[in-house]
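1. starting from these lines, generate the structure:
(4 chains)
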Amino acid sequence: MEFFGLFNYWVFIFLMMAGFYLLLSARNLVKKIVGLNLFQTSVFVFYVSAGKVTGGTVPIQQEGITSYSNPLPHVLILTAIVVGVASTALGLSLILKIKDTYGTMEEDEIDSLDVAT
Amino acid sequence: MEAALDVLSWVLLLVGGSVAVISGVGLLRLPDLYTRLHAASMLDSLGALCVFLGLALQAESVAVGIKLLLAPAFLLLTTATAAHVLSKSARRAGLEPLEDTAAAPDAPGGKD
Amino acid sequence: MAQIIDIVLLVFLCTVAVATVRMRDLFGIAMLFGIFSLLSASVFVVLDAGDVAMTEAAVGAGLTTILMLSTLAATGSRAHPRAVRWKLPLFVVTVTGAALVYATTDMPRFGDPNAPVQTHPVAKHYIETSQEETGIPNMVTPLLASYRGFDTLGETAVVFTAGIGVLALIGRRRKKDGTPVDENHGEDIRAEHHAVVRVVGKILIPAILLYACYIQAHGDFGPGGGFQAGVVFASGLMLYLLLFGVAAAARVAPFAVLERLIALGLLLYGGIGVLNMMLGGNFLDYRTLAENAKDGLHYGIILIELGVGITVAAVVTTLVFAFADHLQRGPVHRQD
Amino acid sequence: MIEQHAIALVVVVPLLAAPLCVLTGRGRWAWTVATAAVWSSFALALHLVQRVLSEGPITYAMGGWQPPVGIEFRLDAAGALVMLVITGIATIVAPYARKSVEREVDDFRQHRFYACLLLCLCGLLGMTITADAFNLFVFLEISSLSTYALVAMGRDRRAFTAAFRYLLIGTVGATFYLLGIGFLYILTGTLNMADMAERLVQPAWDGEGLVHQTRTARAAFAFLTVGLSMKIAIWPLHLWLPNVYAYAPSAVSAFLSATATKVAVLVLLRMFYTVDGLAAPFSTLPVADTLVPLAIIGALGTSILAIYQDDLKRALAYSSVAQVGYIVLGIGLASTAGLSASLLHLFNHALMKGALFCAMGCIVYRVGSTRINAVRGVGRSMPWTTAALLLGGLSLIGVPLTAGFTSKWALVSAILEQERWFTAALMLVSSLLAIIYVGRIIGIVLLSKRPRGAPQVGEAPAWMVAPTLVLALLNLYFGIASDTSSELALRAAQALEEVAR
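-> As a prediction, this is how the structure comes out:
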């Protein structure tokens, strides 16, 4: 159990880093956005797992239940998820504009086009 | 009576579960999109239907039971329509159904 | 049992994450991200976070994937195959990951009931005292809407910004009746008019809208509330768009109306706060709304959830309509 | 009512004015709403600053829930200083934006532009005032998202790529911040900064040492620092900044360059001093040893880059990174003198960069670009703009009698106090570099001849020139009457350190 307690967090860290790697290594802008989302979603799972109590239940008042998981991380992550999708939407519409004006969404091609002008 | 219902519910749940697994296998093993759609839509709906019916028999109250019956009703409607639209657009995109499954380019386990 | 489910889900998550990193086809990546998001929604359920799971499923798996796919429909789905930069990214990722693992070694174990998160008086207050103060069984709702209502106001403002920002970026100049000035007929993106799809759509759309209202109202007792309801409501309108095309959808919900609704929802939320000030309380102190503090809280929460619902529904609809409109317009190679 | 709720209203007024702007649906009306909101926000801020300086910190419980259950607003002298800068600059930029935006942004987008500008202001103010670590994240995202949208409304297509890169880096920075806060929350169970600070010096959950000595706490502060450094644009995390400032609409460049990075600096200071009750990052993490070299390299490197830019706005943007280096340098000294010098420079830099970017906007209004070939010699026919450019430039170099001089002087004395001769020498070298790039800008705009065939231009409209000149003259005012600003900076530094004790 002791080991499992940290193991759970480590899996989330692995997921975060997979997303972060995709964000850093990809040259395609859509890929970067996907990487960013993977990264953020994993951070959210990490957060919520901090509020979990072994043997606790969903934080909805019911008779006969005394142990609830902490609802605060849930509320924070609700906010964070919505914020995340807001930035994704803006990012994707920027990609649309970039594709419109440059005709590509590959980072290095954009750079070479910028140097040319 | 109670025991009979319980047995029936368990039978439904098990059948539903196995059908879902078979549908998963089918999705992997069948050769092209059209055949796979059979596994993904028909078998999946059947599996889900069985599971939901089994759960409805276990429901504590009538309200929960009705909700559990509403879900498969919508599921039947949407899965079938989705499969219909999917195959239609695949056809429009120019994907031809396989005539001879034995000569499939991707034998089981191959690429899609 | 829960642990087995947990492990299975984590294995799935890791597989999908690795596949996403390795995949080249962008449509595939977007779909894999949708799956990843849906899997994490299941993890949220295992972690007892019903509201979060619902939001992640609706917003992460649903909306984000739709937006990605419609972007790809406009931009093409093939990433150029070329040498991948991996040295520096791998280095950065390894260092960051190592720092994170280092951080966890001194952390309370997963699920520890004696962790500071669980023992701090705030957690007790939210779990125990909130019942007496609000009488709402779902603890997430009063916490979201009242104790941390100011956060949620900020969150609504973020959603507002996204809606207005996207309109500012890819919105078009429109005439009074809502038709675009630079009429540019691209291919209509709707599915072919076909009896099956249309009939099923007509059955489903009212059901979806009704369900959205149910979620909106049900937030006090179970997972639900303005955000989830807004997204579900918008999904009904999205279905309409898919069936009948952008032009018809924009007649049902014109951009000008949507933009004003976005603003009205936020104004309703903030207006409640200002009203509270006028009634002698602090900003967003709903207890001033009625003689009985509990009733006041209840009214306040219902009203601000409504504001959130309006803004979110309008923004999500705007996002999807704007992306679809952009897609229909086709590539425009001009600098504006 | 206003007296009691002023601290909430200063944020709420721009927040609610933004949807009103959208409702008007027309650029001109939206401008009226925005200006009214910004000015009332400034009036409230002035009132608050006065109260903070005479009565001490003001607190406010959102929703009537006492912290740590609810969200708390808390304004101290440090917050007051930054709030004054933000609202003040916004007050000057608002009238400036009227003509500038008419020229640079499509008419059917203008009302959205003002809504985003108000939200940006609201987000920055919220970050300054809030005492809740997560609430800060929400405001950070409000200001960031509106900034992305604002930048992307620039006329050049490079505005889109600049905004996109900023979005990626900004979101990663915000997520790092979120992770840092998450660790602190896991360690303390609370999100209120003061409460966190109290719990960080208590024994850890497993009884081994104090909470702030745990590995988790150290990593938390490391993540907070890196995340916020991306927002502050500390070298080498500054790569997003030059293009963002260069290709954003003029009014946005002026507003952002004077405010955005400043607020991030304040947040970093809050994390170091308020949240960690003992200012422990300075002892448990090599913060000072990292920040000082990074600041110096950044100041030197980007000053050199500023000399070689062929776009004047970009040159100024690089200079901003260099100036941020000075601010960070003061923080890295970890002394009261360094901190107050840093805060003073934060204040003064807002004035000079505001004036310079406003002047650039006037040139853009007439010429349409700030590329060297386009602007050669325009200064002769734009006397007022050139005067503002000159004043701002002199202040940037740090010529006596300008605001820039007082803060650089304070910074050098703070460095010499610790007898870091080499650091001081390097700082002077980077000041010399500033003479070169400012001299080059003045030379191009004023001294060189307008090329044959280039269109002759007149002075920019009074709506733009007047605010520009006000900002430029403020540089002079705070250079001569430097006691006011130095006093304010000192009070702010003390307020930060007071909490830490």
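
2. what about the strands in chain A?
-> Taking DSSP state E as the criterion, chain A contains no strands.

3. okay, which residue is most central for it?
-> Central residue of chain A (Cα atoms, centre = their mean): A:Gln40, 1.6 Å from the mean position.

4. count of neighbours near residue 72?
-> In the absence of a named chain, chain A is used. Per other Cβ atoms under 10 Å in any protein chain shown, the neighbour tally for A:Leu72 reads 28. C-beta: built from backbone N, CA, C; applies to glycine.

5. let's do chain C instead
-> By other Cβ under 10 Å, the residues close to C:Leu72 number 21.

6. equivalent analysis for C:Leu90, please.
-> 14.

7. for residue 89, give me its contacts.
-> I went with chain A, as the question did not name one. Listed by Cβ atoms under 8 Å, 6 or more residues apart in numbering or on different chains, the contact set of A:Ala89 reads C:Leu67, C:Ala162, C:Val166, C:Leu319.

8. please go with chain C instead
-> So C:Pro89 contacts A:Tyr21, A:Leu24, A:Ser25 (Cβ under 8 Å, 6+ apart).

9. mind running it again at 10 Å?
-> If you count contacts by Cβ atoms under 10 Å, 6 or more residues apart in numbering or on different chains, C:Pro89 has them with A:Phe20, A:Tyr21, A:Leu22, A:Leu23, A:Leu24, A:Ser25, A:Ala26, A:Gly35.

10. now, which of these lie within helices?
-> A:Phe20, A:Tyr21, A:Leu22, A:Leu23, A:Leu24, A:Ser25, A:Gly35 (DSSP state H).

11. got any ranges where chain A has weak pLDDT?
-> A:1-5, A:116-117 (pLDDT under 70).

12. apply 80 and report the result again.
-> A:1-6, A:54-58, A:60-67, A:116-117 (pLDDT under 80).

13. distance check, the residue in it that chain D sits nearest to against chain B.
-> Relative to chain D, the nearest point of chain A is A:Thr101 (4.0 Å; Cβ to the nearest Cβ). To chain B, A:Thr101 is 29 Å away according to Cβ to the nearest Cβ, to the nearest Å.

14. count of neighbours near that residue?
-> By other Cβ under 10 Å, 21 other residues sit near A:Thr101.

15. just checking, it touches D:Ala152?
-> No - the criterion here is Cβ atoms under 10 Å, and A:Thr101 misses it with D:Ala152 at 11.1 Å.

16. tell me which residues touch C:Ala79, please.
-> A:26-31, A:105-106, C:23-26, C:29.

17. quick check: closest non-adjacent residue to it.
-> Closest residue to C:Ala79 apart from its sequence neighbours, by Cβ to Cβ, 6 or more residues apart in numbering or on different chains: A:Asn28 at 4.0 Å.

18. surely the one you found touches C:Arg78?
-> Yes - here A:Asn28 reaches C:Arg78: they are 9.2 Å apart, a contact under Cβ under 10 Å.

19. the helix or strand of chain D with the lowest mean pLDDT: what's the following helix or strand?
-> Taking mean pLDDT, DSSP states H and E as the measure, chain D has helix D:281-284 as its least confident helix or strand, at a mean of 64. Sequence order places helix D:287-307 as the next helix or strand after helix D:281-284, per DSSP states H and E.

20. quick one: mean pLDDT over the helix or strand just after that next one.
-> Scanning forward in sequence from helix D:287-307, with DSSP H and E defining helices and strands, the next element found is helix D:312-332. Averaging pLDDT along helix D:312-332 yields 91.

21. what separation do you get for the residue nearest to C:Ala79 and D:Leu496?
-> To D:Leu496, A:Asn28 is 44 Å away according to Cβ to Cβ, to the nearest Å.

22. those two: who's more crowded?
-> Shown here are A:Asn28 and D:Leu496; by other Cβ under 10 Å, D:Leu496 has more neighbours (24 against 21).

23. thought that one was touching D:Ala334?
-> No - with contact defined as Cβ under 10 Å, D:Leu496 does not count as touching D:Ala334 (11.7 Å).

24. can you report how many residues lie near residue 55?
-> Using chain A. Using other Cβ under 10 Å, A:Gly55 has 11 neighbouring residues.

25. try again with chain B
-> 19.

26. just D:Phe347 next, same as before
-> D:Phe347 has 24 neighbouring residues, counting by other Cβ under 10 Å.

27. got it, and C:Asp25?
-> 13.

28. which residues are in contact with it?
-> By Cβ under 10 Å, 6+ apart, the contact set of C:Asp25 is C:Met31, C:Leu32, C:Leu72, C:Ser77, C:Arg78, C:Ala79.

29. please apply the same query to C:Pro81.
-> Listed by Cβ under 10 Å, 6+ apart, the contact partners of C:Pro81 are C:Arg24.

30. surely it is within a strand?
-> No - C:Pro81: not assigned to a strand; according to DSSP: H, G, I helix; E, B strand; the rest coil it is coil.

31. how near is the residue of the stretch 1-150 of chain D found nearest chain A to chain B?
-> Closest residue of the stretch 1-150 of chain D to chain A, Cβ to the nearest Cβ: D:Glu141 (4.7 Å). According to Cβ to the nearest Cβ, D:Glu141 and chain B sit 35 Å apart.

32. go on, D:Ile442?
-> Counting by Cβ to the nearest Cβ - D:Ile442 and chain B are separated by 62 Å.

33. same thing with D:Val465?
-> 59 Å.

34. tally of neighbours for the closest residue to that residue other than its chain neighbours?
-> Once flanking residues are discounted, D:Val465 sits nearest to D:Trp384: 4.7 Å by Cβ to Cβ, 6+ apart. When neighbours are counted by other Cβ under 10 Å, D:Trp384 registers 18.

35. where are the low-confidence patches of the stretch 51-200 of chain C?
-> In the stretch 51-200 of chain C, residues with pLDDT under 80: C:77-85, C:111, C:128, C:130-132, C:134-135, C:173-194.

36. which residues of it fall in helices?
-> All helices of the stretch 51-200 of chain C, identified by DSSP state H, counting those that start in this stretch, fall at C:65-75, C:87-104, C:116-119, C:121-124, C:130-134, C:140-142, C:149-170, C:195-218.

37. dump the residue contacts of residue 41.
-> The chain I'm using is chain A. A:12, A:15-16, A:19, A:80-81, A:84, C:13, C:17, C:33, C:36-37, C:39-41, C:43, C:56, C:60-61, C:64.

38. I was after chain B.
-> B:Ser23, B:Thr79, B:Ala80, B:Thr81, B:Ala82, B:Ala83, B:His84, B:Leu86, B:Ser87 are the contacts of B:Ser41 under Cβ under 10 Å, 6+ apart.

39. that one looks like it's in a helix, true?
-> Yes - looking at B:Ser41 with three-state DSSP, it is inside a helix.

40. check which helix or strand covers D:Ala8.
-> Element membership for D:Ala8 (DSSP H and E) is helix D:2-24.

41. for D:Ala251, same thing?
-> Assigned by DSSP H and E, D:Ala251 falls in helix D:250-269.

42. what about the residue nearest to C:Gly135 when sequence neighbours are not counted, distance to chain D?
-> Distance criterion Cβ to Cβ, 6+ apart; nearest residue to C:Gly135, sequence neighbours excluded, is C:Lys294 at 5.5 Å. C:Lys294 is 14 Å from chain D, where distance means Cβ to the nearest Cβ.

43. can you confirm C:Lys294 is in a helix?
-> Yes - using three-state DSSP, the assignment for C:Lys294 is a helix.
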